[in-house]
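Q: My questions concern the predicted model and sequence given below.
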Amino acid sequence: GAGVSQTPSNKVTEKGKYVELRCDPISGHTALYWYRQSLGQGPEFLIYFQGTGAADDSGLPNDRFFAVRPEGSVSTLKIQRTERGDSAVYLCASSSTPDGKVTEAFFGQGTRLTVV
Amino acid sequence: SQQGEEDPQALSIQEGENATMNCSYKTSINNLQWYRQNSGRGLVHLILIRSNEREKHSGRLRVTLDTSKKSSSLLITASRAADTASYFCATAGAWGDSSYKLIFGSGTRLLVRP
């Protein structure tokens, strides 16, 4: 596709359940980001991939959150034992970083996660 | 933690007026970007200004950057109702680990009244 694709667009889950959120970045973009956005706030950085490796996961709030990008393209954000406080919009973005510095990031439409 | 802070948090203007939003940040940057977001979903890139630039234009958008004050402003001229959205500044750090990720501020919610 032409843009960043995120699925599902909405996810409602019960507290304690496991969820997976998928991101399909723009073809050829080596950099992939996950952000979390709560209502009325700016996007909060979670994790950054350069290729297949998680170059920076310092934004993951705790060990219930994990993300993978096994083939350097599609990424999955995994949340175990979900809590109501995990409810937010999860945004994925991809970018080219020609000299190691981020320029324009292209965002998907996000997955709205609601934990009930 | 958020790097940028936007001011004001909310802005309401009449169609045809100019809208000015400000962003302050804390550390040295490689570039600063402005994004727009409708209805709390995907963000759209508007404009990027590098640390060695002072002003940049794109259509009805004008961005300024003052690295000595660690601040930037976004001016939207001749606003339209369709400009109603949230606007975020985002910074990419100057070196090391900070240079490859964008840190966003809390945003300005702009309402343009028809």
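A: Now that the structure is in, tell me what you want to look at.
Q: Just checking, which helix or strand of chain B averages the lowest pLDDT?
A: strand B:5-7 (a mean of 85; mean pLDDT, DSSP states H and E).
Q: Could I get the buried residue list for it?
A: B:5, B:6 (16 or more other C-beta atoms under 10 Å in any protein chain shown). Placement of C-beta: from N, CA and C, glycine included.
Q: so how far is the helix or strand bottoming out on mean pLDDT in chain A off the chain centroid?
A: Taking mean pLDDT, DSSP H and E as the measure, chain A has strand A:53-56 as its least confident helix or strand, at a mean of 84. For strand A:53-56, the distance from its own C-alpha centre to the chain's C-alpha centre is 13 Å (C-alpha atoms, centre = their mean, to the nearest Å).
Q: Following the chain past it, name the next helix or strand.
A: As assigned by DSSP states H and E, the chain's next helix or strand after strand A:53-56 is strand A:65-68.
Q: just to revisit the earlier point, pull up the pairing partners for the least confident helix or strand of chain B, direction included.
A: Sheet pairing for strand B:5-7, assigned by DSSP bridges, gives strand B:19-24 (antiparallel).
Q: orientation of the next helix or strand after the partner strand relative to strand B:19-24 in degrees?
A: Counting by DSSP H and E, the next helix or strand C-terminal to strand B:19-24 is strand B:29-37. An angle of 140 degrees separates the directions of strand B:29-37 and strand B:19-24 when computed by axes from the mean of the first three to the mean of the last three C-alpha atoms, to 10 degrees.
Q: The least confident helix or strand of chain A: partners in the sheet, and parallel or antiparallel?
A: For strand A:53-56, the pairing partners within the sheet under DSSP bridges are strand A:44-50 (antiparallel).
Q: Identify the residues contacting the partner strand?
A: Counting by C-beta atoms under 8 Å, 6 or more residues apart in numbering or on different chains, strand A:44-50 makes contact with A:30-38, A:54-61, A:65, A:67, A:69, A:72, A:75, A:77, A:97, B:2, B:100-104, all of which sit outside it.
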